[in-house]
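Visitor: compute the structure for the input listed below.
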Amino acid sequence: MTILLFILLLVLLILVHEFGHFIVAKAFKIRVDEFGIFFPPRLFGFRWGETEYTLNSIPLGGFVKIFGENGEESDVRHSFAHKSRWIQAAVLVAGVTCNMLFAWLALSAGYMIGMQTSVDHRGFGTVQHVQTMITDVSPGSPASKVGILPSDVVESVGTGTSVLAVASTTADGVQQFIRDHQDESILLMVSRATSTTTEQKVFVAKPVAGIAPDHKAIGIGLDDVGMLKLSPPLALAEGAILTESMTVDLASGLGGLVTGIFHGNANLSEVSGPIGIVTFGASRVTHGFMATLVLLSIISIDLAIINLLPIPGLDGGRLLFVIIEGIMRRPIPEKIVSRVTIASMVLVGVLFVVISIHDILHLIHPAV
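Guide: Model (predicted):
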């Protein structure tokens, strides 16, 4: 059930993207022939004005069919191809813009309700009810192997069977304790929130070399996290700050991956495809509304960044063609556009298959 819910939420993000193209095309008097929810075969539809609105049977997102988007009918006033390059560019980036707006508004709503935030956050307000929280678990690390998860709250830490209370200890203090006892087994007592209750669990992990650059570690990231609740104006400002920070981090990570692919040293084991995203997303849905809201914001920003890549078939690739045509002052021959697009889609398809295979192997054997 959670998998189905998360798939529907992903479809929502795709529809947000397509709605951006739709509404800006309409604003510039470009004819939109169809706005489709899901992909054909069609289940049913209705026409309102010049646009047909359809519900289709394959639940993989949605689409808009814009008249003249492939260069045809360039002499017709309501055709995409007839509009200026600036208007074409505005329609193409509108989907990305809507994804970014969704993330900003979702995160802002989170701050209005009250959202877990680091005490070192940039922006406004004071974080209340601070706890030491595990924010990251390295794949294949001792912490990962024993079952420690992000969002676990550290209640106590010790060595062997000796447990020391750390209720007033900062994340830095816990990390320092692990460094000071890196040759001993580390015992962590954590509290873990589920959809119905909060459980206490105890884990024992032995630090190993190769995770941290200068000492043995168990493979966890820690932060002092609490609740931040803001008034609507401050929440909108804080949401913008977090959206900007997430965008920079995600773009930097994607840039590192692309650079690694060209240099032949990309670590694809750290990349998730659709199967991995759905599996992880379904697990996050069980952590409650706020965890789901943050995850959807991250995925929405990711969709925006990926769609801006200058790859034919994506918005960024089509935008690149528009820019080139603007410089050349004439359309690129359709044969060249088709061939480059097909070649790019083949490469993307191969990458999709490789990552999906990794996702499946990871589900079968988590250590892969």
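Visitor: and the strands in the stretch 1-150 of the chain?
Guide: 32-48, 51-66, 115-118, 128-137 (DSSP state E, counting those that start in this stretch).
Visitor: go on, the stretch 251-368 of the chain?
Guide: For the stretch 251-368 of the chain, no strands are identified by DSSP E, counting those that start in this stretch.
Visitor: quick one: the helices in it?
Guide: 274-285, 289-307, 315-328, 334-364 (DSSP state H, counting those that start in this stretch).
Visitor: looking at the strands of the stretch 1-150 of the chain, which one is packed in the most?
Guide: Per residue and on average, the most neighbours among those fall to strand 115-118, with a mean of 20 (mean count of other Cβ atoms under 10 Å). All C-beta spots, glycine's among them, are computed from the backbone N, C-alpha and C.
Visitor: quick one: strands adjacent to that one?
Guide: Strand 115-118 sits in its sheet next to strand 220-228 (antiparallel), going by DSSP bridges.
Visitor: got the contact list for the strand it pairs with?
Guide: Under the contact criterion Cβ atoms under 8 Å, 6 or more residues apart in numbering, strand 220-228 has outside partners 111, 114-121, 125-138, 141, 143, 148, 154, 170-172, 174-175, 238.
Visitor: buried residues in that strand, which are they?
Guide: For strand 220-228, burial by neighbour count (16 or more other Cβ atoms under 10 Å) applies to 220, 222-226, 228.
Visitor: quick one: which two of the residues you listed are the most distant?
Guide: Using Cβ to Cβ, the buried residues of strand 220-228 span at most 22.8 Å, a distance reached by I220 and L228.
Visitor: lowest-pLDDT helix or strand in the chain?
Guide: One helix or strand of the chain scores below all others by mean pLDDT, DSSP states H and E: helix 274-285, with a mean of 51.
Visitor: R47 pairs with what?
Guide: In beta-bridge terms (that is, DSSP bridges), R47 pairs with E52.
Visitor: elements contacting the host helix or strand of V248?
Guide: Here V248 sits within helix 232-263, counting by DSSP states H and E. In terms of contacts (3 or more Cβ pairs under 8 Å, 6 or more residues apart in numbering; DSSP states H and E), helix 232-263 is packed against helix 85-113, helix 289-307.
Visitor: phi and psi next, for the nearest residue to E50 once chain neighbours are set aside.
Guide: Closest residue to E50 apart from its sequence neighbours, by Cβ to Cβ, 6 or more residues apart in numbering: R31 at 5.5 Å. Phi and psi for R31, reported as degrees, to the nearest 10, are phi -70, psi 130.
Visitor: and R31, how close does it get to A89?
Guide: According to Cβ to Cβ, to the nearest Å, R31 and A89 sit 18 Å apart.
Visitor: then T159?
Guide: Distance, T159 to A89, by Cβ to Cβ: 60 Å.
Visitor: give me the most central residue, this structure.
Guide: I299 (2.3 Å; Cα atoms, centre = their mean).
Visitor: that one against V11, yeah?
Guide: No: counting by Cβ atoms under 8 Å, I299 sits too far from V11 to count as a contact (11.7 Å).
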